[in-house]
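Visitor: I'll drop the sequence and a predicted model, then ask my questions.
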Amino acid sequence: MLHDTFLLRQLSELADALKGQPTRRWSGTTRHGYQRWSDEKRQRLLRDLTARRTAGESFGCIAQALNELGMRGEHGGRWYAASVRDFILRTQMEIR
């Protein structure tokens, strides 16, 4: 019961602190502030990544190259082998 009272007090204080704050509206950016990618950018990247895969590069090597270039992923994070693979598969499915 004491724990429940503590949580209620914390929520009440948070609600008081947020009063008068403007509500957040979707601004076209991700939670990290990065702009969402246009379809054109996604298709250009897909062409580049599939060309690299066709040339025999591994997903891990592609991810490392993207990170070294300073290119962030769709959600503002680092690239990993799985994120490269998933991006290629997901984007190919969206285009079809």
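Guide: Right, received. Where do you want to start? Residues are numbered from 1 along each chain as shown.

Visitor: Just confirm Ile88 contacts Arg52, I think it does.
Guide: No - using C-beta atoms under 8 Å, Ile88 is not in contact with Arg52, being 9.9 Å away. Where you see a C-beta, it was placed from the backbone N, CA and C, and this is true even at glycine.

Visitor: so is the residue most central in space within the chain in a helix, a strand, or just coil?
Guide: Central residue of the chain (C-alpha atoms, centre = their mean): His75, 1.5 Å from the mean position. Following DSSP: H, G, I helix; E, B strand; the rest coil, His75 is assigned to coil.

Visitor: please renumber so the chain begins at 239
Guide: Renumbered: residue one is now 239, and that last one reads His313.

Visitor: Model confidence at it, what's the number?
Guide: pLDDT, His313: 79.

Visitor: Return the backbone torsion pair for it.
Guide: Backbone torsions of His313, given as degrees, to the nearest 10, read phi -110, psi 20.

Visitor: Ser321 reaches Ala301, doesn't it?
Guide: Yes - counting by C-beta under 8 Å, Ala301 is a contact partner of Ser321 at 6.8 Å.

Visitor: Neighbour count: the two, which is higher?
Guide: Ala301 (22 against 18; other C-beta atoms under 10 Å).

Visitor: gap between the nearest residue to that one once chain neighbours are set aside and Arg310?
Guide: Nearest non-adjacent residue to Ala301, counting by C-beta to C-beta, 6 or more residues apart in numbering: Trp317, 4.0 Å away. When distance is defined by C-beta to C-beta, to the nearest Å, Trp317 is 8 Å away from Arg310.

Visitor: quick one, which of these two is more surrounded?
Guide: Higher neighbour count among Trp317 and Arg310: Trp317, with 22 against 15, using other C-beta under 10 Å.

Visitor: Surely that one touches Asn305?
Guide: Yes - counting by C-beta under 8 Å, Trp317 touches Asn305, with 5.3 Å between them.

Visitor: Need the overlap of contacts for these two.
Guide: Common contact partners of Trp317 and Asn305 (C-beta atoms under 8 Å, 6 or more residues apart in numbering): none.
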